[in-house]
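**Q** Following is a predicted model, sequence given first.
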There are 2 protein chains.
Amino acid sequence: MTSERECINRILHYVQNHDRDYLIKGIGDDCAVLNKDGENCLLLTTDTLVEGVHFDMAWHPPYLLGRKCAAVNLSDIAAMGGKPSTCLLSIAFPGLVPAWLDDFISGFTSILNEYDTLLVGGDTVKSRNDLIISVTVTGEGSRKQICYRSGAKPGDLIWVSGSLGNAAAGLELCRRYQFQPDEVPDKWQVLIQAHLDPEPQIDLGRVLASSGFVHAMMDISDGLATDLAHLCQESCVGAEIQQELLPVSKVLENAAMEMNAEALDWMLKGGEDYHLLFVSKASDEQKLRQLISDTFGREIFCLGRIIEGQGVFLCKSGGERQEITYQGYDHFSAQ
Amino acid sequence: MTSERECINRILHYVQNHDRDYLIKGIGDDCAVLNKDGENCLLLTTDTLVEGVHFDMAWHPPYLLGRKCAAVNLSDIAAMGGKPSTCLLSIAFPGLVPAWLDDFISGFTSILNEYDTLLVGGDTVKSRNDLIISVTVTGEGSRKQICYRSGAKPGDLIWVSGSLGNAAAGLELCRRYQFQPDEVPDKWQVLIQAHLDPEPQIDLGRVLASSGFVHAMMDISDGLATDLAHLCQESCVGAEIQQELLPVSKVLENAAMEMNAEALDWMLKGGEDYHLLFVSKASDEQKLRQLISDTFGREIFCLGRIIEGQGVFLCKSGGERQEITYQGYDHFSAQ
């Protein structure tokens, strides 16, 4: 098997989720959605992070790793427009010093506290070689407001909530500075932080979901090229994004220049930005910008449009149109 | 850190679960218990199984391993007297043939179907070395009927739902027959099956919980000596069990004799029997036996009594009294 998608498709072959009134959405979105009381839904999500694949203990301080393991799951709740409520933590490790675990749990619970989420259970087991952390987060949302990946329609505008590629550039900096993130020049710290300590967009997700303007949403964990392809596939549409509209930070451009790297690759394929990717009607563009500006004093960025057909395409300034469908990060094949 | 308990105690130090109306029980029982709608509760549990620690791929057929990964979680729902409803599956693996995954998922979903539980999400990731499977199961139960570990009182009778030690003996047989469970003589197959394909006691757990006779319950995953110590600790009591009352199968005694092993060790320390351990008032003994006999046509086994104080003690037929507190299996230190 060469991709996570192939793996999931094999699993889906065995899943027979007959009609149940409590199952609103199963496999295939950022969270599973279950009916809670008719009006409200229970959200469920789980993400596993593996040492040497998703993180490197040589440069990831345990406190920030704890935060990140929770953040990537909280981000899935944000992607539905939900509010997180509880969390389960499973850690498998071959051998661990108590001080490392203390720092990890301290970070893990610090971000849960920020988002009013309770650690209510878990499992601690020994592994032979790898440190592997599995987190499950539950959340809630109003049934009428929850945003799925499947609501995009041709003509819709495509938005992201912030600059792309920072986390990928931060990872590259950690690699190049050989396990000494403290020695990375201050000017790059915003990129390092994007990689080590991403911020789940819980408050933004809830406002977007309740605005009525957003009819499909997800978070960017595997890179824009792959995540937009997921959204398009679930919505049975295609997408066209404009290169000159991609939100790029000055610091990212500078880092790319100094490291002789491609900023565009980080932005499209890097993954782990944990910004929200969402669509709205074109006619709601100004109202949506105004709402987010008024509520949070921040910008959101329009990248392009949903189109009929299939595939995700990047339109370059010279007029060239390049297919980038599923060209992002694949957790499954990454090493 | 030398034990799973020490690890959990470190984690608990950072957990500040302030009063929330939706949190009924956090860390410390077989499931977390959340308020759903006043009358009903949501149950949450997660268990992680690690290759080489919790299972050995050399003798565990993928279909049965899939069943077991779901069963150990379903058993936690049974331990509260709940009804399972949904499931999340995370698999981290270094490299896997599609046929293995097909068999694993086929087994995993087969037991979910038997217990009317839907696979609604998960995560598939690559690991460097270990195959690690994390499962989360949600369930439901009536708030008035859910059984915790903390309800035992001095004088209560201690019960188990079936023969102890079969799973431990089956594991030993798999080890001795060097990865060829098919070559184990037929007479031992019931032990092999107890290890490879344990049965969660969902229906029994629900009847016990709704009977009104049972006021503390858990499942036996780490061995009677450890699990009874957990129940006693949560209830602030001690326990005294009689060796001659321990339910032992004839096949287990024969296997112990042929393998020159101690049946008593398997029964007390082996773990993974996934039977239910529960307590009732002494005056309800006959009503409880009758109920289970009438409903399921099966026996339950009274082992001894809850006592004041601390610790779990085994009373031997010769009158010797031996402390066995927490002498069962520890997932954390096992190799």
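**A** That came through, no problem.
**Q** Tell me where the model's unsure across chain A.
**A** A:1-2, A:17-18, A:179, A:181, A:329-335 (pLDDT under 70).
**Q** What ranges does it have for its helices?
**A** A:4-12, A:62-80, A:98-114, A:166-176, A:189-196, A:202-211, A:224-235, A:250-259, A:263-269, A:285-296 (DSSP state H).
**Q** what's the most buried one of those helices?
**A** helix A:62-80 (a mean of 27; mean count of other CB atoms under 10 Å in any protein chain shown). Quick note: C-beta positions are derived from backbone N, CA and C, even for glycine.
**Q** Quick check: residues of the stretch 151-300 of chain A near chain B?
**A** Within the stretch 151-300 of chain A, no position is near chain B by CB under 8 Å from any CB of the partner chain.
**Q** Which single residue of the stretch 151-300 of chain A ends up nearest chain B?
**A** Per CB to the nearest CB, A:Ser221 is where the stretch 151-300 of chain A lies closest to chain B, at 10.7 Å.
**Q** so that residue touches A:Leu276, yeah?
**A** No. Applying CB atoms under 8 Å, one finds A:Ser221 not in contact with A:Leu276, separated by 11.0 Å.
**Q** OK, contacts around A:Glu262?
**A** For A:Glu262, the contact set (CB atoms under 8 Å, 6 or more residues apart in numbering or on different chains) comprises A:Ala256.
**Q** repeat for the one 10 residues further on
**A** Residues counted as contacts of A:Glu272 (CB under 8 Å, 6+ apart) are A:72, A:167-168, A:171, A:194-195, A:198, A:221, A:329.
**Q** A:Phe108 too?
**A** A:Phe108 neighbours (CB under 8 Å, 6+ apart): A:66-67, A:69-70, A:89, A:119, B:14.
**Q** Please repeat the previous calculation with a cut-off of 10 Å.
**A** A:62-63, A:65-71, A:87, A:89, A:91, A:119, A:133, A:135, B:11, B:14-15 (CB atoms under 10 Å, 6 or more residues apart in numbering or on different chains).
**Q** gap between A:Leu157 and B:Phe104?
**A** 42 Å (CB to CB, to the nearest Å).
**Q** same question, A:Gly170
**A** 36 Å.
**Q** What is the neighbour count of A:Gly151?
**A** Neighbour count for A:Gly151, taken as other CB atoms under 10 Å in any protein chain shown: 16.
**Q** Ignoring the adjacent residues along the chain, who's closest to A:Pro154?
**A** A:Glu308 (4.6 Å; CB to CB, 6 or more residues apart in numbering or on different chains).
**Q** One more: A:Arg176?
**A** Nearest residue to A:Arg176, sequence neighbours excluded (CB to CB, 6+ apart): A:Met259, at 6.7 Å.
**Q** What of A:Ile146?
**A** Distance criterion CB to CB, 6+ apart; nearest residue to A:Ile146, sequence neighbours excluded, is A:Met80 at 5.2 Å.
**Q** isn't the one you found right up against A:Cys41?
**A** Yes. Contact status for A:Met80 versus A:Cys41: in contact at 8.5 Å, counting by CB atoms under 10 Å.
**Q** Overlap of the contact sets of the two?
**A** By CB under 10 Å, 6+ apart, the residues touching both A:Met80 and A:Cys41 are A:25, A:31-33, A:139-141, A:145-146.
**Q** Among these, which are located in strands?
**A** A:25, A:32-33, A:139-141 (DSSP state E).
**Q** From A:Ala225, how far out is the residue nearest to A:Arg176?
**A** A:Met259 is 21 Å from A:Ala225, by CB to CB.
**Q** Likewise for A:Glu114?
**A** 30 Å.
**Q** picking that back up, distance of the residue nearest to A:Pro154 from A:Val214?
**A** If you go by CB to CB, the gap between A:Glu308 and A:Val214 works out to 20 Å.
**Q** neighbour count winner among these two?
**A** More crowded of A:Glu308 and A:Val214, by other CB under 10 Å: A:Val214, with 24 against 10.
**Q** related to what we said a few turns ago, can you put the shared contacts of A:Met80 and A:Cys41 in CSV and add neighbour count?
**A** Putting the shared contacts of A:Met80 and A:Cys41 into CSV (neighbours: other CB atoms under 10 Å in any protein chain shown) gives the following:
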residue, neighbour count
A:Lys25, 21
A:Cys31, 28
A:Ala32, 29
A:Val33, 25
A:Gly139, 28
A:Glu140, 18
A:Gly141, 24
A:Gln145, 18
A:Ile146, 22
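**Q** among the residues you listed, which two are most distant?
**A** A:Ala32 and A:Gln145 (16.8 Å; CB to CB).
**Q** pretty sure the residue nearest to A:Arg176 contacts A:Ala169?
**A** Yes. Between A:Met259 and A:Ala169 there is a contact under CB under 10 Å: 8.0 Å.
**Q** what residues do these two have in common as contacts?
**A** A:Trp188.
**Q** who are the neighbours in contact with A:Asn113?
**A** A:119, B:14-16, B:18.
**Q** 8 Å instead?
**A** Per CB under 8 Å, 6+ apart, neighbours of A:Asn113: B:Gln16.
**Q** Could you check how far it is from B:Arg298?
**A** 47 Å.
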